[in-house]
Each structure stands twice: as structure tokens, then as C-alpha cells.
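Participant: The following comprises the amino acid sequence and a computationally predicted model.
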Amino acid sequence: MGSLLQRMQSGPVSLRVHDVIIKGNTKTKDHIIEAETEELKSVGSMQELLKASQIVNLRLQALEVFDSVKITLDSGPPELPGTANVIIEVVETASPLSGQIGAYTKAEARSSTVEGSLKYKNLFGYGDVWDGSLAYGCDHSAELSTGVFFPRFKGLVTPVTARAYLLSQDWLKFSSYKDRSLGLSLGLFSTMHHDVSYNLAWRTLTDPSQMSSRSIRRQLGHNLLSSLKYTFKFDRRNSSMRPTRGYAFVSTTQIGGLVPDSWSLRFLRQEFDLRYAVPLGFYRAALNFGISGGVVFPWGNGFSSRPSSLPERFFLGGNISPVCTLGGPTALWGFKTRGLGPTEPKRQVIDENTDPSGVDFLGGDLAVTALADLSFDIPFRWFKERGIHAHMFACAGNVAQLTENEYRKFSVQKFVESLRSSVGVGLVVPTSLFRMELNYCYILKKFDHDRAKTGVWLTFSGSS
């Protein structure tokens with residue numbers, strides 16, 4: 001053993017894999033495990049074999065169908081010097097059924113949700129994971145869904161997912177409509193940096209209050225969503241909750257209207273998000289910069305004079321931290337959910353209990369946000385041990401309409417001049433599930449109908 005270590009330190013030790021032996025799998029198919037071990041067959045040295053074995057171990061554990069994975073390296077047949085056998089011993093999960101419940105805040109939500117889910121692992125021995133979940137929000141939003149995940153399906157080299165869902169979202173308070181969708185989502189291709197998915201859903205927009213503005217009323221009713229979405233994601237930050245070095249980039253392209261149906265929504269949607277974290281070298285201080293943008297536009301005959309689909313538009317604001325929301329323009333510190341952008345007066349109703357000044361937030365076809373965040377440790381041991389730290393921040397953002405020929409009136413100068421902005425300081429409490437911020441926000445710029453306030457804010461955010 002000592003001589004082998006000396007040889008490895010002095011240079012590559014020539015070695016190839018003769019055989020991969022799998023033990024312990026009574027239910028899981030051999031080819032599912034073998035598909036995760038392809039990297040072992042291409043090694044040419046002991047150093048490469050050790051590295052490949054670690055990668056294979058992590059991949060097998062990531063399937064979530066084994067309680068333990070053990071990889072042993074043994075010498076090959078005596079008649080084949082310079083070879084090794086790799087023995088993989090797995091212990092299949094003793095409890096295939098599992099469940100969890102928790103409270104979360106998603107980027108597209110405006111309040112916390114309580115979510116419960118059940119999972120059954122490896123039902124057919126293909127590494128398949130079946131699950132059902134139920135989520136309910138404090139704002140009366142609800143989602144019921146069930147899905148399946150296959151790490152390998154019909155010889156495909158990437159995982160395949162399928163999910164059926166029933167989603168109900170209540171936007172009456174902000175935009176005078178409810179959104180209900182019944183659909184199916186398919187994950188077609190997924191790697192470390194690339195993801196392709198297809199979504200088919202029957203969507204219904206209603207207004208039980210019968211007070212929606214003219215622009216909202218024009219979009220009420222049924223429509224069919226048939227869209228293909230491609231996401232490119234590259235994240236080299238050392239943490240998504242408190243990044244202190246590295247950079248990240250996300251680009252999402254979505255095209256809707258893939259079925260020849262008059263009810264089908266036809267649109268093009270593009271988003272991007274760029275982040276960069278710079279360490280400062282003291283108290284774990286770091287500067288985080290970010291800029292994100294998005295645009296949505298209908299396509300087809302007369303597209304320039306038609307409005308974009310209401311649920312596909314961009315709405316800014318919400319009770320979440322912009323630091324954690326990687327993916328596109330969503331949040332601004334100090335602004336409430338759907339708290340800025342184009343508005344339109346609601347229908348006037350003669351009722352003493354009705355607010356005559358009510359407006360609907362219409363969202364925008366173009367959105368841009370930017371942020372700067374300085375985080376640093378608090379110089380007390382109790383705070384450091386728990387990861388609690390402070391931060392100072394500034395952000396700005398805006399949305400604008402481009403459809404219905406509004407692009408002819410668009411001016412970059414006016415768009416920049418009407419940017420909403422805020423600054424503030426706060427305390428950050430990270431946990432294993434979410435990031436909590438207690439902030440004091442000062443609104444630098446807002447307009448009459450914007451829903452923003454200077455004061456104390458408490459936000460909860462999960463990692464993107």
C-alpha cells in the first residue's frame with residue numbers, strides 16, 4: 001500500500017476497470033445502476049478511478065432509492081495485470097413511503113404557503129419516484145398535484161418527469177381575477193445546465209367580484225396553454241442563500257401556441273438574470289450585484305395590436321428577498337406584491353362599501369430590475385455561530401407595456417426616469433429551509449398607485 005501511494009504521488013498509475021460488480025439490489029433493475037457507472041469504464045489511471053468512484057457514489061445516492069452505497073476497489077484477474085474490479089454494494093431503502101410538511105415562500109407567491117407531500121420510491125424498480133402534494137396559501141391559493149420521476153426511461157440519457165396539477169390562484173385583491181389551471185407538465189430533457197419542458201393546461205380566468213377593469217374583463221374566460229420552455233442555468237456562487245463569491249446566469253425562453261387551436265395562447269417570453277458576488281476580505285463581507293430583465297410578446301396575425309396574456313406578464317414586488325430569487329425580474333425590497341406598474345380603474349359600482357379609488361394592476365410586457373447588496377458578519381460570537389449577519393441594500397425596477405401598439409410610445413429615457421427604487425438595512429437569519437430578513441426599507445421613488453411603504457419588513461425566501 002505504501003509503495004502504491006508513493007507511485008500515485010509521483011504521477012498517474014496506469015489502470016483500467018475490468019468489471020463492475022453490483023450487489024444488494026433486490027428490486028432495483030441492474031441497468032438503472034449501470035447507467036450511473038458509465039464513467040468508470042473510461043478511466044485510465046488509479047487517480048481517475050478514485051475520482052470517478054466518488055462521482056458514481058454521489059449519483060447513486062441522488063436517486064433517493066438507497067439507504068447506503070458502498071464502493072470497493074479490488075484487483076482484477078491475475079492474468080490481466082493493471083486491471084481492477086469495482087464492487088458496488090447498495091442497501092435499498094427500508095421505508096419507500098415518506099412524507100413531509102412545511103411552510104414556504106415561493107418567488108411567484110405573495111404570501112407563505114403550507115405544503116404537504118407524500119413520496120413512494122422505486123415502485124417498479126426503475127428508480128422511479130412517485131409523489132402527491134397539496135399546497136394552500138394564506139391568500140386562498142391552492143395547488144393539488146401528482147407526478148413521477150424516472151432517472152432513465154426507454155434508453156434516454158437524461159431524467160424524465162411528468163406532473164398533473166390543478167392550480168387555483170386568487171388575484172382579486174390586486175388585479176380583480178382568479179386563475180384556475182388544469183394541466184400536465186413534462187420534463188423532456190435535463191442536465192446540469194440545460195432544461196427543456198412542455199406544459200399543456202386548460203386555463204380559466206374569472207372575476208367573482210364583477211368589478212374588474214376593462215382590460216381585465218377582455219381576458220376573462222377560457223384558453224389553452226401549450227408551451228415549450230428552455231432554461232439555461234449556470235451557477236458558480238458558493239451559496240444561494242448567502243453568496244460571498246462567484247457568479248450566476250439564468251436564461252429562460254418560452255414559446256406558447258404549439259397547437260393549432262383558436263383558444264391557444266400564442267406568445268414569446270424571454271427572461272434573464274445575472275448575479276455577481278465579490279468578497280471584500282473582512283467580516284465575510286461581500287458585495288452582490290444583480291440585473292434581470294424580461295419581455296413577453298404575442299405572435300401571429302395582428303400580434304402588434306393584440307394584448308399579451310395576463311398571467312404571462314411581469315409583476316414586480318412581493319414579500320421575498322431579491323438576493324434569493326434567481327430566474328428573472330420579480331422582487332423589489334419595500335414594494336408589495338403586484339405593487340407597481342401600469343394600472344387601470346376598476347368598474348365603478350354604486351356601493352357605499354366599495355372603494356371608488358380602486359385600481360387593477362395590469363403588469364407589463366417589459367420588466368427590468370437591479371440590486372446591490374452588502375452583507376457582513378456581526379462581530380459577536382453568538383451571531384457568527386448561527387450564521388446571523390447584517391446587510392445593506394439598494395434596488396430599482398420598472399415594468400412597461402409594449403403590446404396593443406404601446407411600443408410606439410415607448411421611450412428608454414422615460415422608462416429609466418420612472419424607475420422605482422428603495423434602500424435599506426437589515427438582519428438576515430438563515431436556516432436550512434429558508435432565509436429570513438428583518439429589514440428597514442426606505443422608499444426613494446414611487447408613484448401614486450404604487451403599493452410601497454417606508455418601514456419595517458419581514459421576508460421569508462427559499463433558494464432558487
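Facilitator: Looks like it came in fine. Numbering: from 1, shown residues only.
Participant: So, low pLDDT: which residues of the stretch 201-350 of the chain?
Facilitator: Across the stretch 201-350 of the chain, residues meeting the criterion (pLDDT under 70) sit at 349-350.
Participant: now with 90?
Facilitator: Judged by pLDDT under 90, the stretch 201-350 of the chain has its weakly predicted residues at 209-210, 239-241, 258-264, 300-306, 317-321, 324-328, 330-331, 337, 347-350.
Participant: can you map out the helices along it?
Facilitator: In the stretch 201-350 of the chain, helices defined by DSSP state H, counting those that start in this stretch lie at 214-217, listed in chain order.
Participant: Kindly provide the distance from residue 444 to residue 388.
Facilitator: Residue 444 is 27 Å from residue 388, where distance means C-beta to C-beta, to the nearest Å. C-beta coordinates here come from the backbone N, C-alpha and C atoms, glycine included.
Participant: quick one: secondary structure of the nearest residue in space to residue 55 that is not next to it in sequence?
Facilitator: Nearest in space to residue 55, with sequence neighbours left out and distances taken as C-beta to C-beta, 6 or more residues apart in numbering, is residue 39 at 6.1 Å. The local conformation at residue 39, judged by DSSP: H, G, I helix; E, B strand; the rest coil, is helix.
Participant: which residues touch residue 39?
Facilitator: With contacts defined as C-beta atoms under 8 Å, 6 or more residues apart in numbering, the neighbours of residue 39 are 52, 55, 56.
Participant: Just give me the neighbour total for the last one.
Facilitator: Right, residue 56. Using other C-beta atoms under 10 Å as the criterion, residue 56 is surrounded by 21 other residues.
Participant: With the one 4 residues further on instead?
Facilitator: For residue 60, the tally of surrounding residues (other C-beta under 10 Å) stands at 23.
Participant: Would you mind confirming that it is in contact with residue 66?
Facilitator: Yes. Checked against C-beta atoms under 8 Å, the pair residue 60 and residue 66 is within contact range at 6.1 Å.
Participant: hey, what's in contact with both of these two?
Facilitator: Looking at what touches both residue 60 and residue 66 (by C-beta under 8 Å, 6+ apart), the common residues are residue 90.
Participant: Could you list which of the contacts of residue 39 belong to helices?
Facilitator: Secondary structure assignment by DSSP state H places 52, 55, 56 of the contacts of residue 39 in helices.
Participant: can you list those in TSV and add distance to residue 462 and pLDDT?
Facilitator: Listed next are the ones in helices among the contacts of residue 39 as TSV, based on distance: C-beta to C-beta, whole Å; pLDDT from 0 to 100:
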residue	distance to residue 462	pLDDT
52	33	87
55	27	89
56	30	88
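Participant: Let's have those in TSV, adding distance to residue 14.
Facilitator: Compiled in TSV, the ones in helices among the contacts of residue 39 are given as follows (distance: C-beta to C-beta, whole Å):
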residue	distance to residue 14
52	15
55	20
56	21
